[in-house]
Structure formats: structure tokens, C-alpha cells
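Chemist: Could you work out the structure for the sequence below:
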Amino acid sequence: MTTAEILQTIPPREKEIVGLLLEGCSTKEMAGRLGIQQRTVKSYLNKLFIKFGVSSGIKRVKLASMLYREIKQIEEKEELKDDKNT
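Modeler: Here you go, the predicted structure:
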């Protein structure tokens, strides 16, 4: 499965986690902003990293950056489609 295909399977909450990770939020900050427990944030992060086969800290940051860019590109494409349809 390609990165783009995997990205299409990521639920909205996991996309939020990626965005907050890129903002430099700690697990505690993510939990507070999303109104969930820290252990839930850790669970979401682990799901993301398992999906992409990431195991080390530095790779996690690189993965989050890549995912965020991909998500933004997908959202921009969807907005363009919506604009053309209106």
C-alpha cells in the first residue's frame, strides 16, 4: 500500500493528532486540546506509526511532516473540486 493510499484510510482524529504533533505539542497538550486522555493520544500515535512502519523518534517527526503535507494536498484538491462544482 502506498503512502497516499494509507493516508486515505486515516480517520479525522488521527489527522488532528498529526497536525498537533507538527505544531510541537506534547502528548499532554494534545490531550487537552482534543479533550481526551493522554493514553488515548498515545494510542492514536502508535496506530499511526504502526501503519507506516515507524519505530524511532526522529523517524516519527519525519513521518508526521510527510503526512501533514500529504493531508494538506488532499484537502486542497478537494477544495478545488468543490469550487469547480459550484
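
Chemist: which helix in the protein runs the most residues?
Modeler: Ranked by residue count under DSSP state H, the longest helix found in the chain is helix 57-85.

Chemist: so where is the chain shaky, pLDDT-wise?
Modeler: Applying pLDDT under 70 to the chain flags residues 57, 86.

Chemist: before we move on, back to that, mind listing what's buried in the longest helix of the chain?
Modeler: Using 16 or more other C-beta atoms under 10 Å as the test for burial, helix 57-85 gives Arg60, Leu63, Ala64, Leu67, Tyr68, Glu70, Ile71. Quick note: C-beta positions are derived from backbone N, CA and C, even for glycine.

Chemist: starting at the chain centroid, how far to that helix?
Modeler: Computed by C-alpha atoms, centre = their mean, to the nearest Å, the chain-centroid distance of helix 57-85 equals 9 Å.

Chemist: what do you get for stretch 3-14?
Modeler: Averaging C-alpha positions (C-alpha atoms, centre = their mean) puts stretch 3-14 8 Å from its chain's average.

Chemist: can you pull the alpha-carbon coordinates of it into PDB?
Modeler: The C-alpha trace of stretch 3-14 is given here as PDB (Å, rounded to 0.1, in the frame of the first residue of the first chain):
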ATOM      1  CA  THR A   3       1.600   6.400   1.400                       C
ATOM      2  CA  ALA A   4      -1.200   8.100  -0.400                       C
ATOM      3  CA  GLU A   5      -3.400   5.000  -0.100                       C
ATOM      4  CA  ILE A   6      -2.700   4.700   3.600                       C
ATOM      5  CA  LEU A   7      -3.400   8.400   4.000                       C
ATOM      6  CA  GLN A   8      -6.900   7.900   2.600                       C
ATOM      7  CA  THR A   9      -7.600   5.400   5.400                       C
ATOM      8  CA  ILE A  10      -6.600   7.800   8.200                       C
ATOM      9  CA  PRO A  11      -9.600   8.900  10.300                       C
ATOM     10  CA  PRO A  12     -10.100  12.600  11.000                       C
ATOM     11  CA  ARG A  13      -8.900  12.300  14.600                       C
ATOM     12  CA  GLU A  14      -5.600  10.800  13.500                       C
END
